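Q: need coordinates for the below:
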Amino acid sequence: MCSKNASDSIPLGKRAASCAAIIRATPGVFNKLPYVLTTGQLTRRPRPFFGHQPDAAARGRVSSILVPVSSPTAPFTATTVQWDDPRAQTLRSAMDDEMSALYAERSASAGAETARKMSDVFHINAADIMATILVLDGDGADATAVGHAALRPFEDSLEVKRVFVAASHRRRGISSLLLAEVEGLARARGVKRIVLQTGDLQVEAIALYERRGYRDIPPFRGYEVVANGRCFEKFLD
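A: Purely as a prediction, here's the structure:
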């Protein structure tokens, strides 16, 4: 069993690393402990704590992960759904609206041929999607979908698509949770490399990818038609 001294936060040394392994292997036990694992530290769980124990029989469940958020008692749950899940569609529609506004000036100045090529490269065939992930805020029928990401194959890698967090829930660790989920799914399938594409105006997304160890690569899958686009890769342990 993991133990901890009087300090409320300790670096992950040998003992904490062992605790981390136990936590990952036994999430049911983890949710009952007074400490949470956050970015390389074991940290005292805020009190009072109203932990979320997802129904183990829930269909499509990937995992339930607690992340440090501005409201210390609010758990978020990551779950897999079908690409055409209405909640996923709603979040993708919100992303489309936001990206259209962000890149409106560039879109207006693009020629018809460039616009056609960009439409083609950004088209997603639902049959190619191997996983769609939602982050839910709340429990049961009252849960609200607040984050979205998807994975599709690219050569011997997986491509991350449609990473989006509802405006009402930003700066609360949800993007990091989404990336942790897609990376975990890739590892579970034996995939060693993840790639993705984003735009240069999405500065917060770029900063997140760089913090999580993604590095710039040349355009792939035809993304060279996207002016000032940014492509990244990450090799998984």
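Q: I'd assumed residue 210 was in contact with residue 179.
A: No - if you go by Cβ atoms under 8 Å, residue 179 and residue 210 don't touch, sitting 11.9 Å apart. All C-beta atoms are positioned from the backbone trio N, CA, C, and that covers glycine.
Q: gap between residue 174 and residue 153?
A: To residue 153, residue 174 is 25 Å away according to Cβ to Cβ, to the nearest Å.
Q: which one of those two is surrounded by more residues?
A: Of the pair residue 174 and residue 153, residue 174 is the one with more neighbours under other Cβ atoms under 10 Å, namely 24 against 13.
Q: what sits against that one?
A: 67, 76, 135, 146, 147, 165 (Cβ atoms under 8 Å, 6 or more residues apart in numbering).
Q: quick one: what helix or strand has residue 113 in it?
A: Assessed by DSSP states H and E, residue 113 sits inside helix 112-122.
Q: contact partners of that helix?
A: Here helix 112-122 makes contact (Cβ under 8 Å, 6+ apart) with 107, 110, 221, 222, 223, 225, 226.
Q: which one of those residues sits in the busiest neighbourhood?
A: Across the contacts of helix 112-122, the neighbour count under other Cβ under 10 Å reaches its highest value at residue 226, namely 21 neighbours.
Q: quick one: name whatever helix or strand follows the lengthiest strand in the chain.
A: Secondary structure assigned by DSSP state E gives strand 144-154 as the longest strand of the chain. Downstream of strand 144-154, the next assigned helix or strand under DSSP H and E is strand 157-165.
Q: I'd like the mean pLDDT over the longest helix seen in the chain, please.
A: The residue-count maximum for a helix in the chain (DSSP state H) belongs to helix 86-102. The pLDDT scores in helix 86-102 average 98.
Q: with stretch 136-155 instead?
A: Regarding stretch 136-155, the rounded mean pLDDT is 95.
Q: need the CA coordinates for that stretch. CSV is fine.
A: Below are the C-alpha coordinates for stretch 136-155, written out as CSV (Å, rounded to 0.1, in the frame of the first residue of the first chain):
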residue,chain,number,x,y,z
LEU,A,136,-17.9,14.5,-19.7
ASP,A,137,-18.6,17.0,-16.9
GLY,A,138,-21.0,15.4,-14.4
ASP,A,139,-22.5,12.1,-13.9
GLY,A,140,-25.2,10.0,-15.5
ALA,A,141,-28.0,11.7,-17.5
ASP,A,142,-26.9,15.1,-16.2
ALA,A,143,-23.3,14.8,-17.7
THR,A,144,-22.4,17.4,-20.3
ALA,A,145,-19.9,16.7,-23.1
VAL,A,146,-17.2,19.4,-22.9
GLY,A,147,-14.3,18.0,-24.8
HIS,A,148,-13.7,16.0,-28.0
ALA,A,149,-10.9,14.3,-29.8
ALA,A,150,-10.6,11.5,-32.4
LEU,A,151,-8.1,9.2,-33.9
ARG,A,152,-7.6,7.8,-37.4
PRO,A,153,-4.8,5.8,-39.0
PHE,A,154,-2.0,7.4,-41.0
GLU,A,155,0.6,5.0,-42.4
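Q: so which bits of it are buried?
A: Neighbour-count burial for stretch 136-155 flags 136, 137, 143, 145, 146, 147, 148, 149, 150, 151, 152, 154 (criterion: 16 or more other Cβ atoms under 10 Å).
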